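Novice: any chance you can model this:
(4 chains)
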Number of protein chains: 2
Amino acid sequence: MSAKKTEDLELIRSVLEELTAKWALLVLNVLCDGPARFNALKRANPGISQKALTQCLRRLEAAGLILRTVVSTAPVAVVYEVTPLGASLEPHTSGILDWSLRNREAILAARQASRGREGRDSL
Amino acid sequence: MSAKKTEDLELIRSVLEELTAKWALLVLNVLCDGPARFNALKRANPGISQKALTQCLRRLEAAGLILRTVVSTAPVAVVYEVTPLGASLEPHTSGILDWSLRNREAILAARQASRGREGRDSL
DNA sequence: CCGTATCCGTTGGGATACTG
DNA sequence: CAGTATCCCAACGGATACGG
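Specialist: Numbering: from 1, shown residues only, chains lettered A, B, ... in the order given. As a prediction, the model looks like this:
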């Protein structure tokens, strides 16, 4: 059973708030493979804008899931990496990503099926 | 390693699009405990509005993760339940919820810590 | 290279009132 | 009971331009 208390739900909601950004799980997942720099993350997520990536990183950082380190070299380098807390979340986040790939066919089929049911009433 | 192809990322993104609604995971999780009706789901998620719940359910239904059944009794009854596909996702979604509860202290501490680092530069 | 600032469209979602 | 309809605001996020 999973009868949860209101306070529990509030905590869960706050966590979800941090994870349900459009690119959060993807970015987090990339970082779980090892530290990466800003443009590397951008390249790893085709379609994300730098603003979205920045926002996303800031949120994950505020959540304590990733760590941001500025290396004061000539052209500044910024390295992002997961914190232990972020790493502990990895099995669950990557689980969803893996699930997506493993069930690709079933997912697409299910979408088709539910679309087919849309106009089922009168026919 | 998790070097993913662009097409894979697109699939993953589309799945995330379905799951990153504010209440999606919570609703899905409740339904994984067994079929439930509209108002039961509403009661199980304090703070959700009927509009948000409706939207959320419609999206999950379109994704083929849940099934909506109308029972034509006196005052109409509508039952929602997970599909096999939705059920197969359950371990991963509930994993995140459980993680939130198990790591409550660490999560709150990490948020505090990152907040503390905000004004670290000049001090 | 790694951002921030601005503009701006789209979407999510809360409140409320109404319907079969 | 289970929605739909409307209004309305805030937030997300893309594009672009600029700064350290």
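Novice: what residues does chain A put near DNA strand C?
Specialist: For chain A, the residues in contact with DNA strand C (C-beta under 7 Å from any atom of the strand) are A:37-39, A:50-51, A:54, A:57-58, A:68, A:75-78. (Glycine included, C-beta is placed from N, CA and C.)
Novice: pick out whichever of these sits closest to chain B.
Specialist: Comparing the residues of chain A next to DNA strand C against chain B with C-beta to the nearest C-beta picks out residue A:68 as the nearest, at 8.9 Å.
Novice: ok, and what's touching the helix or strand hosting the closest one?
Specialist: Here residue A:68 is covered by strand A:66-71, with elements defined by DSSP states H and E. Taking C-beta atoms under 8 Å, 6 or more residues apart in numbering or on different chains as the criterion, the residues outside strand A:66-71 that touch it are A:28, A:31, A:57, A:60-61, A:76-83, A:86.
Novice: just how off-centre is it within its chain?
Specialist: Here the centre of mass of C-alpha atoms in strand A:66-71, compared against the chain's by C-alpha atoms, centre = their mean, to the nearest Å, lies 18 Å away.
Novice: shaky segments in chain A?
Specialist: By pLDDT under 70, the low-scoring segments of chain A are A:1-2, A:119-123.
Novice: list the contacts of residue A:23.
Specialist: By C-beta under 8 Å, 6+ apart, the contact list for residue A:23 reads A:45, A:48, A:52-53, A:56.
Novice: tell me, which of those residues make contact with DNA strand D?
Specialist: Restricting the contacts of residue A:23 to those adjacent to DNA strand D (criterion: C-beta under 7 Å from any atom of the strand) gives A:48, A:52, A:56.
Novice: which of those residues fall within helices?
Specialist: Among those, the members falling in helices (DSSP state H) are A:52, A:56.
Novice: return the member of the ones next to DNA strand D among the contacts of residue A:23 nearest to DNA strand C.
Specialist: residue A:52 (9.8 Å; C-beta to the nearest atom of the strand).
Novice: quick one, longest helix in chain A?
Specialist: helix A:84-102.
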